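sequence-free structure coming up:
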């Protein structure tokens, strides 16, 4: 569950929420308590400006659209969770989020899931995502180093096989995703100018769905 409130003159003028239902039981342990890194205050010497934080968070979406991990400043310990599922830096093989793809795809996903945020992006595993618009980077907390966004992930559904790059023993991965959109809520932890934690939740919608909101802060295409 993610919630945004807009307050003007001490009155709530907007309420927006993202609710994810039917989560897998295997995802629930990672959602029982908030990750410690998200709650820690960033030492003043490791803080960056509000503008830098927005640019860093936006660079994450750029790295997805262009399948290039070099476009975002990922920390070595960067760890991404999606609906509770840890999708990077897994010490033990993570379960495939799409069990119907078969054992070969599950084995490939396990190898890619062991990579860090940077190398995972460079594997091209997210090339089935065509664009992320709007990105809606809405809220910044410099003290905690957090940026909160409500992006819409667009999938044309024309990719049925992903060419994987730089992962030994994995050449391709089947894909049966789309045409569909994903309304997400994401939090980025930024410390020392780098992304350390990514916490994401989202649910599926018809392709080219509208958000219903004008973005408060938006990076133009």
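Received it, and whenever you're ready, just let me know what you need. Computed from a predicted model, the values in this text were never measured in an experiment. Numbering: from 1, shown residues only.

Quick check on residue 122: phi, psi?
Main-chain dihedrals, residue 122, degrees, to the nearest 10: phi -70, psi -10.

Contact partners for the closest residue to it other than its chain neighbours?
Computed as C-beta to C-beta, 6 or more residues apart in numbering, the closest residue to residue 122 that is not its neighbour in sequence is residue 69, at 4.4 Å. Quick note: C-beta positions are derived from backbone N, CA and C, even for glycine. Contacts of residue 69 were listed using C-beta atoms under 8 Å, 6 or more residues apart in numbering, and they are 63, 117-122.

Out of these, who's the most crowded?
Neighbour counts for the contacts of residue 69, by other C-beta atoms under 10 Å, peak at residue 117, which reaches 26 neighbours.

ok, residue 190 - contacts?
Taking C-beta under 8 Å, 6+ apart as the test, what residue 190 contacts is 42, 48, 53, 56-57, 145-147, 196.

now it, which residues is it bridged with?
residue 195 (DSSP bridges).

hmm, back to that, pull the most distant pair out of the contacts of residue 69.
63 and 119 (11.8 Å; C-beta to C-beta).

quick one: buried residues of the helix ranked longest in the chain?
Taking DSSP state H as the criterion, the chain has its longest helix at helix 50-65. For helix 50-65, a neighbour-count test (16 or more other C-beta atoms under 10 Å) marks 53-61, 63-65 as buried.

Residue 62 and residue 70 touch, don't they?
No: with contact defined as C-beta atoms under 8 Å, residue 62 does not count as touching residue 70 (10.4 Å).

all helices of the protein, in order?
Using DSSP H, helices in the chain cover 36-39, 50-65, 103-113, 117-122.

Return the distance of the longest one from the chain's centre.
Once both centres are worked out by C-alpha atoms, centre = their mean, to the nearest Å, helix 50-65 turns out to sit 11 Å from its chain's centre.

If we ignore the residues flanking it in sequence, what's nearest residue 2?
Nearest to residue 2 is residue 185, by C-beta to C-beta, 6+ apart, at 3.3 Å.

What's opposite that neighbour in the beta bridge?
Bridge pairing for residue 185 - DSSP bridges - gives residue 201.

where does the protein have its least confident helix or strand?
Every helix and strand of the chain was ranked by mean pLDDT, DSSP states H and E. The lowest is helix 103-113, at a mean of 80.

on that earlier part again, for the residue nearest to residue 2, give me its contacts.
2, 18, 148-150, 200-202.

nearest to residue 29, of the residues you listed?
residue 201 (15.2 Å).

Having no further points to raise, I will conclude here.
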